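**Q** The sequence isn't on hand, but the structure is:
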């Protein structure tokens, strides 16, 4: 239990996080082709997201505004946009399918290697480590890795989306695009602050959850002893205390997410959108501004901000994955191997006895 607490209560330095990620990437190496294929689809998806608003822009500015649209042209652009939407759905499907398959195979590969490692460890290791902790490493921690790989997909998808959106905005209006670029450092500071502040609360929450699960597991498995020694009241009080502490940390996490996740991103998006429309309005005082152009630009502004909110949603998953990976690697690095029999041993025990003197037993 003490080991479980320390894993969550202590902050992992960035340098150590890099080492952990680098080592975990080695487990993903056998499935790198599938990962790269999914990343390729993510890049293709960002291109399609840029082209779709351009179709609407061309239709509005070249045909609707001058009132030259015919039935054939309307059906053509409708079919073209539908084709783009279908292509987007297909690309999105294959992106998530391939990445999910690669993530699934990777964490199954890690679980198999971890189980093989446990078979090589000596009994001393199992005497010193609670069985529930070992089961948690093989089952829960490896399960966490399935979502952990999605953090990197969301990061790459976000980078592709931000870069493609900015390039598209720059092609429309370099001045207004650069004005929106001012919000990028602010967004990065918000993400950094959220990661730093929320990770402390999240680790504390997971620490309390770990204590709660441990207490629940021990109480159920030892219910006969608890009832025989009439310790129900004491155990109930301890469980209620841990449960209340966990509830408080959950409330703190909800408050943090309510302030720093979608609300602040949407607030900055609203300011950026208002700034863009204001600058377009100033330009309209001197020369006409096409409506389709404004539509395309505002769509790119939205695409510029959306990935930030999605990436912040996955920061807790990243924290989960780092801690789970560190605990898995700790078992992989364990040197308490099974003692090997001496091939030349020929001694036979003739007589022996076991004595217990001044021995106390406890399980803390």
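**A** That came in fine, so what should we check first? Model, not experiment: these values are computed from the prediction. Numbering: from 1, shown residues only.

**Q** what's the spacing between the residue lying farthest from the centre of the chain and residue 109?
**A** Farthest-out residue of the chain from its mean C-alpha position, per Cα atoms, centre = their mean: residue 350, at 60.2 Å. In this view, residue 350 and residue 109 are 49 Å apart by Cβ to Cβ, to the nearest Å. Backbone N, C-alpha and C define where each C-beta goes, glycine included.

**Q** any chance you could map the helices in the stretch 51-200 of the chain?
**A** Under the criterion DSSP state H, counting those that start in this stretch, the stretch 51-200 of the chain contains helices at 71-120, 123-128, 131-136, 142-172, 174-181, 183-221.

**Q** out of those helices, nearest to residue 15?
**A** Smallest distance to residue 15 across the helices of the stretch 51-200 of the chain (Cβ to Cβ): 15.9 Å, for helix 183-221.

**Q** any idea of the mean pLDDT in that closest one?
**A** Helix 183-221 comes out with an average pLDDT of 82.

**Q** cool, stretch 313-327 as well?
**A** 83.

**Q** Same check on stretch 29-38?
**A** Mean predicted confidence for stretch 29-38 is 94.

**Q** Over to stretch 331-339?
**A** 85.

**Q** Over to stretch 166-174?
**A** Regarding stretch 166-174, the rounded mean pLDDT is 92.

**Q** what's the spacing between it and its chain's center?
**A** Distance of stretch 166-174 from the chain centroid (Cα atoms, centre = their mean, to the nearest Å) equals 30 Å.

**Q** what does stretch 93-105 give?
**A** 15 Å.

**Q** List of residues touching it?
**A** By Cβ atoms under 8 Å, 6 or more residues apart in numbering, the surrounding residues in contact with stretch 93-105 are 28, 30-31, 34-35, 37-38, 41-42, 45, 145-147, 149-150, 153.

**Q** and of those residues, the nearest to residue 299?
**A** Nearest to residue 299 among these, with distances taken as Cβ to Cβ, is residue 45, at 15.2 Å.

**Q** Surely the closest one touches residue 89?
**A** No. Judged on Cβ atoms under 8 Å, residue 45 makes no contact with residue 89 at a distance of 10.1 Å.

**Q** between those two, who's got more neighbours?
**A** Shown here are residue 45 and residue 89; by other Cβ atoms under 10 Å, residue 45 has more neighbours (21 against 11).

**Q** contacting residues around residue 244?
**A** Applying Cβ under 8 Å, 6+ apart to residue 244 gives no contacts.

**Q** And for residue 278?
**A** Residue 278 neighbours (Cβ under 8 Å, 6+ apart): none.

**Q** element containing it, please.
**A** Using DSSP states H and E, residue 278 sits within helix 262-284.

**Q** next structured bit after that helix?
**A** Toward the C-terminus from helix 262-284 - assigned by DSSP H and E - lies helix 291-313.

**Q** circling back to that earlier point, so which of the helices of the stretch 51-200 of the chain has the densest surroundings on average?
**A** A comparison of those by mean neighbour count, using mean count of other Cβ atoms under 10 Å, puts helix 142-172 on top with a mean of 19.

**Q** That one packs against which elements?
**A** Here helix 142-172 touches helix 14-28, helix 32-59, helix 71-120, helix 174-181, helix 291-313, helix 315-332, going by 3 or more Cβ pairs under 8 Å, 6 or more residues apart in numbering; DSSP states H and E.

**Q** of all the helices of the stretch 51-200 of the chain, which lies closest to residue 354?
**A** Residue 354 sits nearest to helix 123-128 of all those, at 16.0 Å, using Cβ to Cβ.

**Q** Check the offset of the closest one from the chain's centre.
**A** 33 Å.

**Q** Then stretch 46-54?
**A** Distance, stretch centre to chain centre, for stretch 46-54: 26 Å (Cα atoms, centre = their mean).

**Q** Quick one: mean pLDDT over it.
**A** In this model, stretch 46-54 has a mean pLDDT of 93.
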